[in-house]
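J.: just to be clear, the model below is a prediction. Sequence and coordinates:
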Amino acid sequence: QFQLVESGGGLVQPGGSLRLSCAASGFSLGSYSIGWFRQAPGKEREGVSCINNSGTAYYLDSVKGRFTISRDSATNTVSLQMNSLTPEDTAVYHCALPWAPCTNMVDVDFGSWGQGTQVTVSS
């Protein structure tokens with residue numbers, strides 16, 4: 001059964017770090033592009049990062065240099081390391097499969113996703 005399950009969210013102070021993880025089941029992550037999007041209350045969904053099956057990673061401009069996406073084929077998981085967090089990063093973060101291999105963060109269209117994990121950045 002196809003499933004994506006996120007974990008690792010929480011409350012962190014500005015400047016802090018969190019590491020999100022997404023466990024996939026029912027399929028092999030290594031065969032697909034996989035990424036993360038976030039949604040804050042009252043705001044549109046925003047693609048944060050995507051990594052294709054060649055290992056090339058793409059990032060939303062506002063998170064470049066702060067977030068790092070990685071994939072572990074042995075555990076069938078994808079992670080998002082988030083550093084230097086700001087209140088603007090507060091949102092529910094979803095692990096998601098795009099409809100097509102990701103080549104940038106402008107055209108990526110996510111079709112299936114997990115239930116999400118809440119990230120709150122606040123002092």
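T.: Yep, it's here.

J.: buried by neighbour count: which residues of stretch 20-32 qualify?
T.: Neighbour counts using 16 or more other Cβ atoms under 10 Å place 20, 21, 22, 23, 24, 29, 32 of stretch 20-32 among the buried residues. Every residue, glycine included, has its C-beta placed from N, CA and C.

J.: and the first one, that's in a strand?
T.: Meaning residue 20. Yes. With DSSP: H, G, I helix; E, B strand; the rest coil as the criterion, residue 20 is part of a strand.

J.: rewinding a little: now render the buried residues of stretch 20-32 as a markdown table, adding distance to residue 90 and pLDDT.
T.: Below are these laid out as a markdown table (distance: Cβ to Cβ, whole Å; pLDDT from 0 to 100):
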| residue | distance to residue 90 | pLDDT |
| --- | --- | --- |
| 20 | 14 | 98 |
| 21 | 19 | 98 |
| 22 | 19 | 97 |
| 23 | 23 | 97 |
| 24 | 25 | 95 |
| 29 | 27 | 88 |
| 32 | 28 | 91 |
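
J.: what is the nearest of those to residue 44?
T.: Nearest to residue 44 among the buried residues of stretch 20-32 is residue 20, at 20.1 Å by Cβ to Cβ.

J.: partners of that closest one in the sheet?
T.: residue 80 (DSSP bridges).

J.: next up, the contacts around the most centrally placed residue in the chain.
T.: By Cα atoms, centre = their mean, the chain has its centre lying nearest to residue 36, at 2.4 Å. Listed by Cβ atoms under 8 Å, 6 or more residues apart in numbering, the contact set of residue 36 reads 20, 22, 47-50, 69, 78, 80, 93-96.
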